[in-house]
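> Next comes the sequence, and after it the predicted model I'd like to discuss.
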Amino acid sequence: MHINQVEFTIFDTETTGLDFAAGERIVEIAGIRFKGETLIGEFDSLINTGRPVSPGAFAVNKISESMLASAPGPEKVIADFLNFSSASCLASYNTEFDMGFLNSELARLNFEVKTPAPVVDILTLARSLLPGLPRYALWFVAEKLGIKNNQKHRALADVGLTLQVFQKLKSILLNKGLSEFEAILPLATPPAPGKRGLSQEKFATLQEAVSAGRKIAIQYISVQDGRLSERTVIPRQLRQDARYNYLVAYCCMKQEERTFRVENILDFKVV
């Protein structure tokens, strides 16, 4: 499916602290739902969880306990947000944080916990398409993309800024000839150990190619400069570190052995 045919809900959370596993809670959640360039709707609500906002969190989001006193509870707000975002692709800037807190609230309410995919991490997408930046804070990436911003660290404002960043990154993808959502998704999936970035079926095919030493043609996004290239390689081995999977292969174009990050292999076929 073309990326402009996918309905997304970009969302953001403000919280009482940084660690949901330590009992910190969501105090504000916001989202913007859209398709292509068309805005479908907005959602924004404070949440009264009964847990005080830590001094560190208040220093960032300026959400006080008095502001939360009359706010609805999580059972209403989270249910309303799920209805708002239903049947859309969730996205955020650092899904590890936002999805961690959202799933924590869902578990408390005995709601169904969201699976990791196809949640889009716009932070990971920025790292894939804009390699080599000294930092990837939302405001910094926005500036590098020519977006004027004044990040307020409130949920709806941050969602609006994230949406602008996403649309700029989408333009980069389309300029590279990448328009199919399924092909783009590996570039926006947060790093984690395992066979990430390719389906189990494709990963198995890649393993077979390694075992047989068969040539494969790959479509690859460079980790160094974000360029898209197509090349033929002879697979040597698959390996992984704490965060990524790698394909070690002889590159027929460069005529030398190279290492390719697996999730940056957008597609491949046996020659």
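Happy to help now that I have it. Just so it is clear, the model here is predicted, and its values are computed rather than measured.
> Find the residue closest to residue 61 in space, skipping its chain neighbours.
Among residues not flanking residue 61 along the chain, residue 14 sits closest, at 4.4 Å (C-beta to C-beta, 6 or more residues apart in numbering). In this view, the C-beta of every residue, glycine as well, is placed from N, C-alpha and C.
> tell me which residues form a beta bridge with that neighbour?
As for beta bridges, residue 14 partners with residue 28 under DSSP bridges.
> any idea of the pLDDT on it?
The model reports residue 14 with a pLDDT of 96.
> contacting residues around it?
26-29, 57, 61, 63, 153-155 (C-beta atoms under 8 Å, 6 or more residues apart in numbering).
> ok, now residue 124?
Taking C-beta under 8 Å, 6+ apart, one finds 95, 187-191 in contact with residue 124.
> so can I have a markdown table of the residues you listed showing pLDDT?
Supplementary listing: those in a markdown table, determined by pLDDT from 0 to 100:
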| residue | pLDDT |
| --- | --- |
| 95 | 93 |
| 187 | 90 |
| 188 | 92 |
| 189 | 84 |
| 190 | 76 |
| 191 | 61 |
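> hmm, back to that, could I get the contacts of residue 14 in CSV, plus columns for neighbour count, distance to residue 138 and pLDDT?
Output for the contacts of residue 14, formatted as CSV (neighbours: other C-beta atoms under 10 Å; distance: C-beta to C-beta, whole Å; pLDDT from 0 to 100):
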residue, neighbour count, distance to residue 138, pLDDT
26, 25, 18, 97
27, 30, 19, 97
28, 21, 16, 97
29, 28, 17, 98
57, 19, 17, 91
61, 19, 14, 91
63, 22, 18, 94
153, 16, 10, 75
154, 17, 13, 88
155, 26, 12, 90
